[in-house]
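Engineer: okay, sequence plus prediction incoming.
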Amino acid sequence: MTTMTLDRPAAPVRITPAAAVSDTVVIARRNLIRLRRTPQLLVSALVVPVMFLLMFRYIFGGAIPVPGMSYVDYLIPALLAQNAIFDGFGTAAAMAVDARDGVVDRFRALPMARCAVLTGRALADLLRQALVLAVLTAVAVGVGFRFHTGPAQSIAGLAIALLFGQVLFWAFAAIGFGTANPESAAALTTPFMLLVFASSALIPVSTLPGWLQPFARNQPVSQYVDAVRCLTQGHPAEQLLGHTAGYYTVTSLLWGIAIVLAGATLALRAYRRL
Amino acid sequence: MPLMIEATGVQKSFGETRALGGLDLAVAENRVTGLLGPNGAGKTTLIRILATLLRPDRGQARVAGYDVTAQPFAVRRAIGLAGQYAVVDETLTGRENLEMTGQLYRLSRRVARERATEVLDRLSLTTAADRPVRSYSGGMRRRLDLGASLAGRPPVLLLDEPTTGLDPAARNELWAYIRDLVAEGTTLLLTTQLLEEADQLADDIVIINHGTVVAHGTPDELKARLGGERAETVVVRPSLEEVFLTLTGSPA
């Protein structure tokens, strides 16, 4: 048996930005190892978006005419962006479990950057969503989707789709830590589905009832979806939607700032109270 | 001998419920103090305050010389917390769990790796080190959980019911590890429902009820004191269990 001498903690030290980054990476790695060892998690992250893609491409798609664009080109950018919502449901549930089971307590008693519990998971989510996005894009190209803009714009489109995941992370984190109960978290995240259906994601907004159109046109899901659409499809999408890629990018960023500010405030408040 | 844990007049209420009503506690360096009390007496609340997870409403608490409210970061460097709070991740191996906790204790990756090997060795987990924790027995899990709190070699350990749910053999094993740690200079505060555990491990016993200390002393002192009070009765040397039940007024 080895004997251990005790460290006398030196003078109190504050968390440096470098330490916060290093703790974020440790927490992210912990989540990513879990993903690698539990392949079901990755499969379930892919099942819903691929199912949506095939269902709307081959079952409902034929009944939805889109002026000036093929439905597959209209649909796929939306699926790339809305994946952030479906993926985030799992994040909210997992954070609720961590809060309930005292995992968070144990982290808070360590001399680590407290924010890393949140930022580490956000980083892990980003990497997982990038992987899902890559698979989804490959499947999409297989079923007839094409990028109709240059590489820079197309990549910007994919980046906006990933940004949406990071923005929503803070809303889902607030729900997860705020409820500290996976069932309550699910009850609060499910209504996010309505935001997908009452948006421009799957159908042109002009087909919705008149009273719903102003909401559907301006809510955050539509802004992100339409930004990805304009950045990957170019002129036909801009003409159909009525604004430029730049417009939708700016409105996406503004919604993003608002959601992050509100979500992070609530998530941090809930975190401190756990 | 310097005090490693020092609480003076600590009060904490949750809404109308008073969990701690001006509690005083002093734990000298390299002593094992067993914190006993019925459910709801305030044991876990006190541990959470000392671990910087809760702020006291009134009063002061210092751990390893640092104030829990004013210097929480320094306190966290000085403590290891284990017991009811499981930090180990089931899908990670024992080694990975310890390395990550070590890094969160602000060790470099290299030192965290060395430390993990050391801890695995001393807790007899070397053969299971690279297996996912989900394949561990209950006793192995508790040992790993204790190990995770040792990764930063903290001078103060706070153990909240460390052996609850373990079978007697696994419990004895864990007690042996805890005794070794104390032999090397660790200061230990442990809550327990098992009076035998307190009797076996603790140098000092603090019994709390309704958020205040109702008795404190060595196990022998407590037994002798109660035995003296009851000299006219048959019981001359009561067991620790009898001391506990008498002082907390719980039904025998």
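Structural biologist: Yep, that arrived.

Engineer: can you give me the helices for the stretch 151-274 of chain A?
Structural biologist: Using DSSP state H, counting those that start in this stretch, the helices of the stretch 151-274 of chain A run over A:151-179, A:182-189, A:192-197, A:213-218, A:220-233, A:235-241, A:245-273.

Engineer: make JSON lines out of these and add mean neighbour count and distance to residue A:49.
Structural biologist: In short, each C-beta sits where N, CA and C put it, glycine included. Listed next are the helices of the stretch 151-274 of chain A as JSON lines, based on neighbours: other C-beta atoms under 10 Å in any protein chain shown; distance: least, C-beta to C-beta, whole Å:
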{"stretch": "helix A:151-179", "mean neighbour count": "22", "distance to residue A:49": "11"}
{"stretch": "helix A:182-189", "mean neighbour count": "17", "distance to residue A:49": "16"}
{"stretch": "helix A:192-197", "mean neighbour count": "15", "distance to residue A:49": "12"}
{"stretch": "helix A:213-218", "mean neighbour count": "15", "distance to residue A:49": "21"}
{"stretch": "helix A:220-233", "mean neighbour count": "28", "distance to residue A:49": "14"}
{"stretch": "helix A:235-241", "mean neighbour count": "19", "distance to residue A:49": "21"}
{"stretch": "helix A:245-273", "mean neighbour count": "17", "distance to residue A:49": "20"}
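
Engineer: got TSV for these, with distance to residue B:134 and mean pLDDT too?
Structural biologist: Converted to TSV, these look like this (distance: least, C-beta to C-beta, whole Å; pLDDT from 0 to 100):
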stretch	distance to residue B:134	mean pLDDT
helix A:151-179	23	97
helix A:182-189	19	94
helix A:192-197	31	91
helix A:213-218	45	95
helix A:220-233	38	97
helix A:235-241	48	95
helix A:245-273	27	95
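
Engineer: any chance of the ones you listed in TSV, with distance to residue B:67 too?
Structural biologist: Listed next are the helices of the stretch 151-274 of chain A as TSV, based on distance: least, C-beta to C-beta, whole Å:
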stretch	distance to residue B:67
helix A:151-179	27
helix A:182-189	36
helix A:192-197	43
helix A:213-218	51
helix A:220-233	44
helix A:235-241	58
helix A:245-273	19
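
Engineer: so for residue B:149, which of these sits nearest?
Structural biologist: Closest to residue B:149 of the helices of the stretch 151-274 of chain A is helix A:245-273 (C-beta to C-beta; 21.5 Å).

Engineer: three-state assignment of residue A:68?
Structural biologist: coil (DSSP: H, G, I helix; E, B strand; the rest coil).

Engineer: now it. Nearest residue, chain neighbours left out?
Structural biologist: Leaving out its chain neighbours, the residue that sits closest to residue A:68 by C-beta to C-beta, 6 or more residues apart in numbering or on different chains is residue A:236, at 4.7 Å.

Engineer: who's in contact with that neighbour?
Structural biologist: Each residue near residue A:236 by C-beta atoms under 8 Å, 6 or more residues apart in numbering or on different chains is listed here: A:68, A:69, A:73, A:148.

Engineer: any quick ChimeraX command for the buried ones out of these?
Structural biologist: Typed into ChimeraX, the line below selects the buried ones among these, using 16 or more other C-beta atoms under 10 Å in any protein chain shown:
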select /A:69,73
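
Engineer: nearest to chain B, of the contacts of residue A:236?
Structural biologist: Minimum distance to chain B across the contacts of residue A:236 is 39.6 Å, recorded for residue A:73 (C-beta to the nearest C-beta).

Engineer: wait, what's in contact with the closest one?
Structural biologist: A:145, A:146, A:148, A:233, A:236, A:237.

Engineer: what's the burial count for the second one?
Structural biologist: Think residue A:146. For residue A:146, the neighbour count with other C-beta atoms under 10 Å in any protein chain shown is 12.

Engineer: which SSE is immediately downstream of the longest helix along chain B?
Structural biologist: Counting by DSSP state H, the longest helix found in chain B is helix B:168-183. Downstream of helix B:168-183, the first helix or strand assigned by DSSP states H and E is strand B:187-191.

Engineer: residues touching residue 192, list them.
Structural biologist: As the question left the chain open, I've gone with chain A. When contacts are counted by C-beta under 8 Å, 6+ apart, residue A:192 touches A:85, A:88, A:89.

Engineer: not what I meant, chain B
Structural biologist: B:34, B:35, B:36, B:161, B:162, B:163, B:198.

Engineer: from these, which land in strands?
Structural biologist: Members of the contacts of residue B:192 lying in strands (criterion: DSSP state E): B:34, B:35, B:36.

Engineer: doesn't residue A:60 belong to a helix?
Structural biologist: Yes - residue state for residue A:60 (three-state DSSP) corresponds to a helix.

Engineer: show me which of the ones in strands among the contacts of residue B:192 is closest to chain A.
Structural biologist: residue B:35 (17.0 Å).

Engineer: so that closest one makes contact with residue B:204?
Structural biologist: No - using C-beta atoms under 8 Å as the test, residue B:35 is too far from residue B:204 to be in contact (9.8 Å).

Engineer: okay, these two: which has more neighbours?
Structural biologist: For residue B:35 versus residue B:204, neighbours defined as other C-beta under 10 Å are more numerous around residue B:35 (28 against 20).

Engineer: pLDDT score assigned to the more buried one?
Structural biologist: At residue B:35, the pLDDT value in this model is 94.

Engineer: leaving out the residues flanking it, which one is nearest to it?
Structural biologist: residue B:191 is the one closest to residue B:35 (C-beta to C-beta, 6+ apart), at 4.5 Å.

Engineer: could you do residue A:259 as well?
Structural biologist: residue A:167 (5.1 Å).
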